[in-house]
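Take this sequence and fold it.
(chains A, B and C)
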Amino acid sequence: MHITLRHSNPELPRGARPSARWRRLLLLWLMLLLVACGPRDAGGITVTGSTSVTPFAEHLAELYQHAHAGVAINIQGLGSSAGIRAALDGVAEIGMSSRHLEPDEASQLDQIVIARDALAVIVNPDNPITGLSTAQIQGIFGGRIRSWDAVGGPALPITVVGREAGSGTFSAFEELVMKGKPTATLALRQGSNGAIRQIVAQDPNAIGYISLGIVDSTVKALAINAVVPSVEHVEAGTYTLVRPFLFVWRKGQPLSPLGQAFVDYVMGAAGQSELLKAGLVKGSTTP
Amino acid sequence: MSSARVQRLAFGCIWAAAILTIGVLALIIGLIVWRGLPSISWEFLTGSPENLGRDGGILPTIIGTMVLGLVALLIATPLGIGSAIYLTEYTYESRFTRAIRFCTESLAGVPSIIFGLFGFIFFVTYLQMGWSILAGGLTLALMVLPTIIRTSEEAIRTVPQSYRDVSYSLGATRWKMVTTAVLPSALPGIVTGVILSFGRAVSETAAVIFTAGTALNVPTSIFSPVRTMAVHFYILAVEGISLEKAYATGTVLIVTVLLINVIASSLITRLVRQRVRRS
Amino acid sequence: MKERGIGILLLLAALGALIALGLITYFIFQAGVPLIARVGLWEFLSGMRWNPTSKPPQFGILPMIVGSLWLTVGALVIGVPLGLAVAVFMVELAPPQLAMVMRPAIQLLAGIPSVIYGFIGLTLLAPLVRAAFGGPGLSVLTGAIILGFMILPTIIAISEDAIRAVPLAIREGALALGSSHWQAISGVILPTARSGIIAGVILGMGRALGETMAVIMMIGNSLDIPTSPLQPATTLTSNIGLELAYASGPHREALFATGVVLFIFIMILNALATTFVRRPVLSRSST
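Presented below is the predicted three-dimensional model:
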């Protein structure tokens, strides 16, 4: 015998038999799940990689999506190595990198230099120093020079701020400035250029390195070996702290129509002029 | 020192501690809300971010937060309630149930970065979901599962045994008894746990960044990456993109958490009143 | 028949937590243990240099272990006295209306997202520490203060339960024997509640060890082994959070290995805590 207990709990809506209600709930739950499982990546591409490249890529993606409705370009700033890895694995269609590719990476990926970026060594605007030599920078970031008065500033301890291992900016700085000498363990580490800029802007004794393209009025860029960092000096070749911003994708695998269109946009006149406006230097199709 | 003097001193310190705690809470909320409120407008809540978040609004992140929390709950709630029902109604205390309880407690203690690591390596990479709502939702579901199991179990345990006995005496099967006699009464407690879990999902950052990603677009499907308000706040704040928008996003976050807490505690008071009525 | 089916479904649901924990343990260990085996457990735990991108790479996590310990101890120094005091306040000293106000306030403190705590530490506390003590401001001290407040609700909740659980007879007995209220609290009630309070402290410790995002924002992340609370440091968690996005190959394995170490630490702590007490969640809302 099967008796349905009509439990008169005032909380329950009247009328519906309890078992029917549970069935309805289950149906609703299944429907929600079904609706949620929309088409995979409906008309969208994923661009993943260097956090240095991300702000510029996001800016261009924003402009592109404004001009072409209904497409989705998802920019993900997770780091140069992760971006290259993602492109190799096929997790992302396009990878972004702010460092040169290793030989084994280059053999499997097509690459294009969307722009070149100068690295600027920055200090707080209140810091009287206006320039340093490469040797002095190596000494500071190597932990041998600990006080500003050793380089012509006030007698205050230097707060060294850098990026973490694995970052494209970090590798670029190690390669171009430190030239093999290790960064001292006393250096603070931050996860992005923006974070370094923020710390240097707030701490009068801080020194750090960021992409020239995001230097603003909150920090001061130093002249290195008497050469001021600027787009002109980079193009003239006198400022040598330069690294490529790369878009990479799997060799032999053509880009999707949206991917190709975006790359064409970025390399075209409109995209390049936006990047130049943002403080980067012109790119090229070959590294 | 006389014992009266010692007591005055001790109690003075204790009162100071209580005041300090409330004061810090007021300070944190006040600072964020005071600086954030001026930037909040209808456009802010319904617009999309422009210029990486320097201008515009935070609608995609609001959507992202809600959807991610919803997916996490859709997955965790049936699992959690089912688990609780099994542990309370379908078995006796045994080594098996103790093992399950141990696993639940352990899961509750796992730090969020480990969930992020796991979600990244298992859902995003191994199962090839990519950075997506699905990966993020599954990871969050695992994080809130222990809470839902615990609160559901407690709620079910407080249902008077007489309800069950009456149900059985009328010939109900065990499942019928559970759905008609136990669950309806335990519902407020269960729902409270669900709401609290939603609050946890809203605040979570480390696990979400590595599983749902940081893309700023409005999600189009369960496989789209998504940025939640907490992640957006983190990025805005740490990268110095816009302190103003960071404060505003933080305000929306705090208001959301406040609302969740208010709803949950009003449910608890209703629950307490119910128990008093019953006894 | 239907009953049997439902029973099996529910059993599967109950196994969910078990399966989840098993999966997590398996995948994390699988990703991290090989590297520990290659580098050597002792070298990994006691190595003082973390240089994952140098050639050859160095994978020593001692600075992170020390950093985590410093930070956790600091957070406990702040959180335990405060938490215990507030718990005593709630049970013994607060007028009922005030307690009714304080309870939701403490719950709100628990509900505030950790990134907001980190933000406060970064923008409010760090400059204060810098102004007062010099140095970068981003330091173990900053982290410990904020983290102390983050674990406060946990310690308060569990200690409160433990104090409330002290039998009335013991409490009244102490007073009947002529002790003052404070003497009853300090001499009788607190010692009786000791195991519950210790459980709360251990859980607070676990929470402090596991916090990531807020710590990254506040602690500076330098790879030095800190010798004073005014120095920046890195924790096990902040290192993973900082570098994971950019890591690939052995570097990533090393981060998972760090995760393995962290996981084991915390599992031990949690097991320890549960041997002391198991608390209901709905009598006060969970954190």
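
and the closest residue to C:Ala193 other than its chain neighbours, how many neighbours?
Once flanking residues are discounted, C:Ala193 sits nearest to C:Ala162: 3.9 Å by Cβ to Cβ, 6 or more residues apart in numbering or on different chains. C-beta coordinates here come from the backbone N, C-alpha and C atoms, glycine included. By other Cβ atoms under 10 Å in any protein chain shown, the residues close to C:Ala162 number 25.

which residues touch C:Ala162?
C:Ala162 is in contact with C:Ala193, C:Arg194, C:Ser195, C:Gly196, C:Ile197, C:Ala199, C:Gly200, C:Val277, counting by Cβ atoms under 8 Å, 6 or more residues apart in numbering or on different chains.

Could you measure from the second one over to chain B?
Looking back up the chat, that one is C:Arg194. From C:Arg194 over to chain B the distance is 18 Å, taken as Cβ to the nearest Cβ, to the nearest Å.

Check the third one too.
Distance from C:Ser195 to chain B, counting by Cβ to the nearest Cβ: 17 Å.

is it true that C:Met205 touches C:Leu272?
No - in this structure, C:Met205 is not within contact of C:Leu272 by Cβ atoms under 8 Å, at 9.3 Å.

Give me the local confidence score for the residue in the stretch 101-250 of chain C that chain A sits nearest to.
Residue of the stretch 101-250 of chain C nearest chain A, by Cβ to the nearest Cβ: C:Tyr246 (3.1 Å). pLDDT recorded at C:Tyr246 is 75.

and it, how many residues sit next to it?
Neighbour count for C:Tyr246, taken as other Cβ under 10 Å: 31.

A:Gly168 and A:Glu102 touch, don't they?
No - the pair A:Gly168 and A:Glu102 fails to qualify as a contact (Cβ under 8 Å) at a distance of 12.0 Å.

These two: which is more packed in?
A:Gly168 (30 against 10).

Which residues of chain A lie near chain C?
Neighbours of chain C within chain A, by Cβ under 8 Å from any Cβ of the partner chain: A:51, A:78-82, A:84-85, A:157, A:159, A:164-168, A:170-171, A:174, A:182, A:185-191, A:199, A:202-203, A:205-206.

So is stretch B:109-122 next to chain C?
Yes - on the criterion Cβ under 8 Å from any Cβ, stretch B:109-122 is in touch with chain C at B:109-118, B:120-122.

Same list, these, but as JSON lines with neighbour count please.
Output for these, formatted as JSON lines (neighbours: other Cβ atoms under 10 Å in any protein chain shown):
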{"residue": "B:Gly109", "neighbour count": "20"}
{"residue": "B:Val110", "neighbour count": "25"}
{"residue": "B:Pro111", "neighbour count": "25"}
{"residue": "B:Ser112", "neighbour count": "25"}
{"residue": "B:Ile113", "neighbour count": "30"}
{"residue": "B:Ile114", "neighbour count": "25"}
{"residue": "B:Phe115", "neighbour count": "24"}
{"residue": "B:Gly116", "neighbour count": "28"}
{"residue": "B:Leu117", "neighbour count": "32"}
{"residue": "B:Phe118", "neighbour count": "28"}
{"residue": "B:Phe120", "neighbour count": "25"}
{"residue": "B:Ile121", "neighbour count": "21"}
{"residue": "B:Phe122", "neighbour count": "22"}
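
Out of these, which comes closest to chain A?
Among those, B:Phe120 lies closest to chain A (Cβ to the nearest Cβ), at 10.0 Å.

check contacts around the closest one.
Each residue near B:Phe120 by Cβ under 8 Å, 6+ apart is listed here: B:Phe210, B:Thr211, C:Leu244.
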